[in-house]
Each structure stands twice: as structure tokens, then as C-alpha cells.
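*Asks:* pasting the sequence and the predicted model now:
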Amino acid sequence: MPEKKQVMTKSQLVSELADKLGMTKKDVAAFLELLVNTAFKEAKRKGEFTLPGLGKLVKVNRKARMGRNPATGATIKIPAKTVLKFRIAKTAKDAVLGAK
């Protein structure tokens, strides 16, 4: 069984950024909180928020469609709705996965 990979927690991210930038953890945490709140506000207001080099937070309208209940096999109508997606920037893909 493969080992579970450790993901960086918010406090670890704040510590890492504070060390590299020479800032206090409190200032870095406040900046991250401001960045997240700005992203949410702009995505709600304009439909998208771009973080250059990382990606774009986008509101997408999904059309109503027919689906199937996996338990019973019955056909059901899935209503239209708005969803939030994050589209990864090409530079981020290339940095992590390597250029093709």
C-alpha cells in the first residue's frame, strides 16, 4: 500500500513564506487571507480572478441535463447551476509536470 503524501498545511506555508521573505508570520497570514478574500470577491463580482503564473478562478454556468441514479438506475433531471473551477496556468503545468 503506498504511503500517504504529506501536504503542506496553512501554518507550514505561512512559516515558509515568512522565513523566505523576512516578514512576520502574522503579516504573511494577513496577506494570504487578503489574497483569498480578494479572489472570492472578484470571482463573485466579475466571474473570474487570475493569479498570474498559477491559474484562474472561474465561475461556470452548467446547463440542465439528464442523469442516472447509480443506486436505482432511474433517470433523473439535474438542474442548471453555477459552479466554481480553477484553471491551471500553462506555466504552472510546465513547472510541475515538465514541458512537452
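*Replies:* Okay, I see it.

*Asks:* which stretches of the chain form strands?
*Replies:* Using DSSP state E, the strands of the chain run over 48-51, 55-62, 65-68, 75-78, 81-88.

*Asks:* could these be laid out in TSV, adding mean pLDDT, distance to residue 37 and mean neighbour count?
*Replies:* C-beta: built from backbone N, CA, C; applies to glycine. Output for these, formatted as TSV (pLDDT from 0 to 100; distance: least, CB to CB, whole Å; neighbours: other CB atoms under 10 Å):
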stretch	mean pLDDT	distance to residue 37	mean neighbour count
strand 48-51	96	11	16
strand 55-62	95	12	14
strand 65-68	95	33	10
strand 75-78	94	31	10
strand 81-88	95	15	11
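
*Asks:* right, and those strands - which one's nearest residue 4?
*Replies:* With respect to residue 4, and counting by CB to CB, the nearest of these is strand 81-88 at 23.0 Å.

*Asks:* give me the helices and strands touching that closest one, please.
*Replies:* Counting by 3 or more CB pairs under 8 Å, 6 or more residues apart in numbering; DSSP states H and E, the packing neighbours recorded for strand 81-88 are strand 55-62.

*Asks:* restrict the strand it packs on to CA atoms and write it as CSV.
*Replies:* Extracted in CSV, the C-alpha atoms of strand 55-62 (Å, rounded to 0.1, in the frame of the first residue of the first chain):
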residue,chain,number,x,y,z
GLY,A,55,-4.1,30.0,-12.7
LYS,A,56,-7.6,31.4,-12.8
LEU,A,57,-10.6,31.0,-10.6
VAL,A,58,-13.7,31.0,-12.9
LYS,A,59,-17.5,30.9,-12.4
VAL,A,60,-19.0,28.5,-15.0
ASN,A,61,-22.7,28.0,-15.8
ARG,A,62,-23.7,24.4,-16.2
